[in-house]
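*Asks:* can't give you the sequence, but here's the structure:
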């Protein structure tokens, strides 16, 4: 479980949903008190953190009053969630991080927002995203050190959870937009299997790659959202030895020394607790090229989607313009060849990891870079996004600059609930490290 | 390959994309001639068939001129496609089959439309859908007999393909909205594995169930769209015996006698050609209940999504209002229980069909009903939609009223390309029946 910087550890905002829900069930506190604690935290910290693009305390209070009046037991009753601002909301603006969409009001909620509302969740507001969930950054800073990036593209969602403004927030991942900011902000990040969760009403970056993800400060909290968004889990307690594939990856040497050491330390610590490690063999050349496939597929698709805005000289960030111009040079044949390569790698990964519970790998190249250096590299995430498999990032230790580090567990396609069940165990074991 | 009613079999509009593409490649005909042939067919038949909600011949001609000017080889260059009118298009109206959205112009294309345009396809127009892809029907009739329904909800797309107005068209399926109209119209229908194709910019009916599908007049044509929408296939020629599971299903007795006989005849004919059949055991009670799970999940989700329109007294069809009112009575606990049941059935199906290439089952209860009796029952489709597996409907024979019948092949989750590869073989074998 991650800790919140500069926080009163006894404050309600600093607790997980699992903790506050138990206290609400025992009658010790109310939903209103938890929400007011979070609203107080936002009032105090948002002027520095800039996690939200749109937030209105009275709007959320009104949502809680309405939910409290609803009959029956709702799985997310009264829980406030941060919504990445590329996800359409009918009653809040949705600007996609773009100056071309200032004041944009979609006519309807995204399917995922409808699901959350039906489950009793409150929308805390719209969180800052990079432009179109690409690279051009918004104003959010890393709550652990305001000079550093929270990562992107789900910058505001990661920062809001890390800072105790909300316990849960939605992100998306097309390259490394969920697992990377989770790592930089020291929280739990989860990216689902591609296609498992509807993207109806989510603004596209690259439709072949776009995938839902979300953030929490514990695996249990992350599971709570999973049970609504992925459907209830029927995964039982795993018996027998946990078998993890060891795959620092062919580009591990490009990571910082502290990140590589953390990965080794996680392995040793889990081994000590009886977890069995197996070296995973994946052809290095193919898997390095897979990162490039991600960049090519993304650039090709996003350039076609945003071409009209570009031609009409809409106000676009320089990194977005560069990506569109690059993407428009890619031919349909190249695009097809990259998709074929991705498909071959998907099959190789499935073969190479048969019988394993997950693969342990790097979550990011290291600590969060300084803000002026961008939102960081997705190089240790884009591989997995491209082959569609579920990923779980767990905070683990600190780096040389005192900022959070993390490790990543990757499972077979469709094993989302299994990965989260495993994650709870691993989280407990790593906490003893 | 299906035949077009009241058509000149030598006309270009009556041929498949595979056929016309070969002729274009040989320099015998041009893309412009193929398009003009289809436009002529639309001009002649649309006043009776009513397949399109929006269509403009000059708009499509302009698209072809623009595509012809693009450099490089595009996989769908110059091929006109019908787009179901719940799929957003930035340059054509998108009305969701709803009087509440007359003249609606989405600001952007759905992700799938962007993909098709990038691949060089032309948008022939927006095809009629039932209201919000639910049950309240539009004006489209069955090209084989104007007194009968084309099926729903993808009514216009199925009718347009069956009538030779286009060779390919997009549909969606939440219960039986692709495979059923394909069966009624005597064409090939394909529903992908749930989640494999982006729904960004597709108007939701029930986000847990909504799935992309499409129509063609041959499996080869259907594969052509698959290679763009699902990505290129890496499935090689299958060697060895084809093994098919036999599963008329626990509710087969509710189908018409001619549909049941067609299913038996398909089995006998394939057996004669060396296909091995294995009885598939799935618990009847659970799989009958799965149909009900589909209805409950759909009603729950669509009622939450459309509740605001309903409360604001928007102009909604009576069947839509009834479904919203029914759905609002369903509690979050019931919804959760139905999703749990669906998940159990998903796992049972995966277990029971291991080692099989596909399962053979009914595609519809029989021939297309008369228009006044609605769009027909999705009872033989909703089971498969709910567990997310890919489905291929193939036309096979005629019923007692002289209208088309069909059979359905269902494969394991994610085996989309494999199912289509199998479909080509089966189509050839059934043609010899």
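*Replies:* Alright, I've got the coordinates. Keep in mind that this is a model prediction, so the values were computed, not measured.
*Asks:* just the closest residue of the stretch 1-150 of chain A to chain B, please.
*Replies:* Ranked by CB to the nearest CB, the top residue of the stretch 1-150 of chain A for proximity to chain B is residue A:111, at 3.2 Å. In short, each C-beta sits where N, CA and C put it, glycine included.
*Asks:* for that residue, give me its contacts.
*Replies:* By CB atoms under 8 Å, 6 or more residues apart in numbering or on different chains, the contact set of residue A:111 is A:198, A:199, A:200, A:201, B:199, B:204, B:207, B:210, B:305.
*Asks:* again, only this time at 10 Å
*Replies:* Shown in contact with residue A:111 (CB atoms under 10 Å, 6 or more residues apart in numbering or on different chains): A:87-88, A:197-202, B:199, B:202-208, B:210, B:301, B:305.
*Asks:* can you list the residues of the stretch 301-433 of chain A near chain B?
*Replies:* By the rule CB under 10 Å from any CB of the partner chain, the part of the stretch 301-433 of chain A lying against chain B is A:301-309, A:330-344, A:346-347, A:350, A:388, A:413-414, A:417.
*Asks:* filter these to the buried ones?
*Replies:* Burial by neighbour count, judged by 16 or more other CB atoms under 10 Å in any protein chain shown, picks out A:301-307, A:309, A:330, A:332, A:335-336, A:338-339, A:341-344, A:346, A:388, A:413-414, A:417 from these.
*Asks:* any idea how far the residue of the stretch 1-150 of chain A closest to chain B lies from residue B:202?
*Replies:* For residue A:111, the distance to residue B:202 (CB to CB, to the nearest Å) stands at 9 Å.
*Asks:* what do those two both touch?
*Replies:* Residues touching both residue A:111 and residue B:202 by CB under 10 Å, 6+ apart: A:198, A:199, A:200, A:201, B:210.
*Asks:* with adjacent residues omitted, what lies nearest to the closest residue to chain B within the stretch 201-350 of chain A?
*Replies:* Distances between the stretch 201-350 of chain A and chain B by CB to the nearest CB are smallest at residue A:207, namely 3.3 Å. Nearest residue to residue A:207, sequence neighbours excluded (CB to CB, 6 or more residues apart in numbering or on different chains): residue B:111, at 3.3 Å.
*Asks:* any idea which helix is longest in chain A?
*Replies:* helix A:284-311 (DSSP state H).
*Asks:* the next helix or strand along the chain from that helix vs helix A:284-311, what angle?
*Replies:* Per DSSP states H and E, the first helix or strand lying C-terminal to helix A:284-311 is helix A:318-328. With axes from the mean of the first three to the mean of the last three CA atoms, to 10 degrees defining the directions, helix A:318-328 sits at 110 degrees from helix A:284-311.
*Asks:* enumerate every residue touching residue A:394.
*Replies:* Counting by CB under 10 Å, 6+ apart, residue A:394 has contacts A:2, A:182-183, A:187-190, A:218-219, A:266, A:363, A:406-409, A:423, A:426-427, A:430-431.
*Asks:* return a ChimeraX selection command for the buried portion of the residues you listed.
*Replies:* Filtering the contacts of residue A:394 down to the buried ones (16+ other CB under 10 Å) takes a single ChimeraX command:
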select /A:2,182,183,187,188,189,190,218,219,266,363,406,407,408,409,423,426,427,430
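*Asks:* residues in contact with the residue in chain A that chain B sits nearest to?
*Replies:* Closest contact between chain A and chain B, by CB to the nearest CB, is at residue A:195 (2.7 Å). By CB under 10 Å, 6+ apart, the residues touching residue A:195 are A:210-212, A:388, A:413-414, B:192-199, B:211, B:388, B:414.
*Asks:* go with 7 Å
*Replies:* Residues counted as contacts of residue A:195 (CB atoms under 7 Å, 6 or more residues apart in numbering or on different chains) are B:195, B:196.
*Asks:* so where do the strands sit in the stretch 151-300 of chain A?
*Replies:* Assigned by DSSP state E, counting those that start in this stretch, the stretch 151-300 of chain A shows strands spanning A:168-173, A:188-191, A:211-216, A:243-246, A:276-279.
*Asks:* now do the helices in the stretch 301-433 of chain A.
*Replies:* Per DSSP state H, counting those that start in this stretch, the stretch 301-433 of chain A has helices spanning A:318-328, A:332-352, A:382-387, A:416-431. These are given in chain order.
*Asks:* so which of these is nearest residue B:115?
*Replies:* Residue B:115 lies closest, by CB to CB, to one member of the helices of the stretch 301-433 of chain A: helix A:332-352, at 9.9 Å.
*Asks:* report the angle between the closest one and helix A:318-328.
*Replies:* 100 degrees.
*Asks:* so where is chain A shaky, pLDDT-wise?
*Replies:* A:1 (pLDDT under 70).
*Asks:* go again with 80.
*Replies:* A:1-2, A:236-238, A:433 (pLDDT under 80).
*Asks:* centre-most residue in it?
*Replies:* residue A:178 (2.6 Å; CA atoms, centre = their mean).
*Asks:* which element is residue A:62 on?
*Replies:* helix A:57-68.
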